[in-house]
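**Q** below is the sequence, then the predicted model.
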Amino acid sequence: NAGVTQTPKFQVLKTGQSMTLQCAQDMNHEYMSWYRQDPGMGLRLIHYSVGAGITDQGEVPNGYNVSRSTTEDFPLRLLSAAPSQTSVYFCASRSRGGLYEQYFGPGTRLTVT
Amino acid sequence: AQSVAQPEDQVNVAEGNPLTVKCTYSVSGNPYLFWYVQYPNRGLQFLLKYITGDNLVKGSYGFEAEFNKSQTSFHLKKPSALVSDSALYFCAVRDMRYNQGGKLIFGQGTELSVKP
């Protein structure tokens, strides 16, 4: 099993550009989430999905879109990048019966200039 | 409001000494509590969890955590620290605002440094 994979590892964007962060898992997990990690703030939930075709907002959803067309993939789209979106982004997944133990990808470090 | 606090930004320990990384929480109802570890340039790895039962929970790499309901704490402990334990540690609690998906609220993280 590859677990949770994320691409790219690093990305630099200019303000106003758009891009998609990719996330995939091969564990057949129903639940997937996107977090951002900022110094001194822990991880904050952006969006989450409880299954294919179902997504919902977390605590910091503004400026981001998600979709879940398959169980395996959960891409995160930045519509118009802003410097405030400079962060490290983590995708996570867990099974329905996993008692909230989440598996995290290696992260994408995004810089917006 | 639900929250998790890790009062120490950094903990320094000598190798072989016991270590404690502190965590306190505030949630409504019974808490589901977690510890994760993050090594440099890596994603978070699950260490251990408390759902119910024995207040002392054992996890990966020799770590354990003690749930204290009266003090609303869930401190991470290890009897003898290793240099390889040096990493960033996050405490987390299930977010009771969400009925599905197992969303977690994370503390701000504690940097553990173990010196030889």
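**A** Happy to help now that I have it.

**Q** please name the nearest non-neighbouring residue to the residue nearest the centre of chain A.
**A** Centroid check for chain A by C-alpha atoms, centre = their mean gives residue A:34 as the closest residue, at 3.0 Å. Sequence neighbours aside, residue A:46 is the residue nearest to residue A:34 in space, at 4.4 Å (criterion: C-beta to C-beta, 6 or more residues apart in numbering or on different chains). The way it works is simple: take the backbone N, C-alpha and C, and place the C-beta from them, glycine included.

**Q** okay, now the one you found: neighbour count?
**A** By other C-beta atoms under 10 Å in any protein chain shown, the residues close to residue A:46 number 24.

**Q** so it, which of the three states?
**A** strand (DSSP: H, G, I helix; E, B strand; the rest coil).

**Q** tell me if stretch A:78-91 is near chain B.
**A** Yes: Stretch A:78-91 reaches chain B (C-beta under 8 Å from any C-beta of the partner chain) through residue A:90.

**Q** what comes up buried for that stretch?
**A** Across stretch A:78-91, burial judged by 16 or more other C-beta atoms under 10 Å in any protein chain shown covers A:78, A:81, A:85-91.

**Q** any idea how far apart the tips of that stretch sit?
**A** Chord length of stretch A:78-91, first to last residue, is 15 Å (C-alpha to C-alpha, to the nearest Å).

**Q** residues contacting the closest residue to residue B:39 other than its chain neighbours?
**A** Once flanking residues are discounted, residue B:39 sits nearest to residue B:87: 4.9 Å by C-beta to C-beta, 6+ apart. By C-beta atoms under 8 Å, 6 or more residues apart in numbering or on different chains, the residues touching residue B:87 are B:37-40, B:111-112.

**Q** which residues does residue B:87 form a beta bridge with?
**A** For residue B:87, the beta-bridge partners are residue B:112 (DSSP bridges).

**Q** quick check: the gap between it and chain A.
**A** 14 Å (C-beta to the nearest C-beta, to the nearest Å).

**Q** so where do the strands sit in chain A?
**A** Secondary structure of chain A (DSSP state E): strands at A:4-7, A:10-13, A:19-25, A:31-37, A:43-51, A:54-57, A:64-66, A:76-78, A:87-94, A:103-104, A:108-112.

**Q** could you check the pLDDT of the residue nearest to residue B:39?
**A** At residue B:87, the model reports a pLDDT of 96.

**Q** repeat for residue A:97
**A** Confidence for residue A:97, expressed as pLDDT, is 68.

**Q** surely the residue nearest to the centre of chain A and residue A:78 touch.
**A** No: Residue A:34 is beyond contact range of residue A:78, at 11.1 Å (criterion: C-beta atoms under 8 Å).

**Q** which bits of chain B sit near chain A?
**A** Residues of chain B lying near chain A (C-beta under 8 Å from any C-beta): B:4, B:9, B:32, B:34, B:36, B:41-46, B:49, B:51, B:90, B:94-95, B:98, B:100-104, B:106-109.

**Q** which of those fall in helices?
**A** Among the residues of chain B next to chain A, the subset assigned to helices under DSSP state H is empty.

**Q** which one of the buried residues of stretch A:78-91 sits closest to residue B:67?
**A** residue A:90 (25.8 Å; C-beta to C-beta).

**Q** relative to residue A:104, which of the contacts of residue B:87 is nearest.
**A** Closest to residue A:104, out of all of the contacts of residue B:87 and judged by C-beta to C-beta, is residue B:38, at 8.5 Å.

**Q** tell me who's in contact with that closest one.
**A** B:44-45, B:87-90, B:109.
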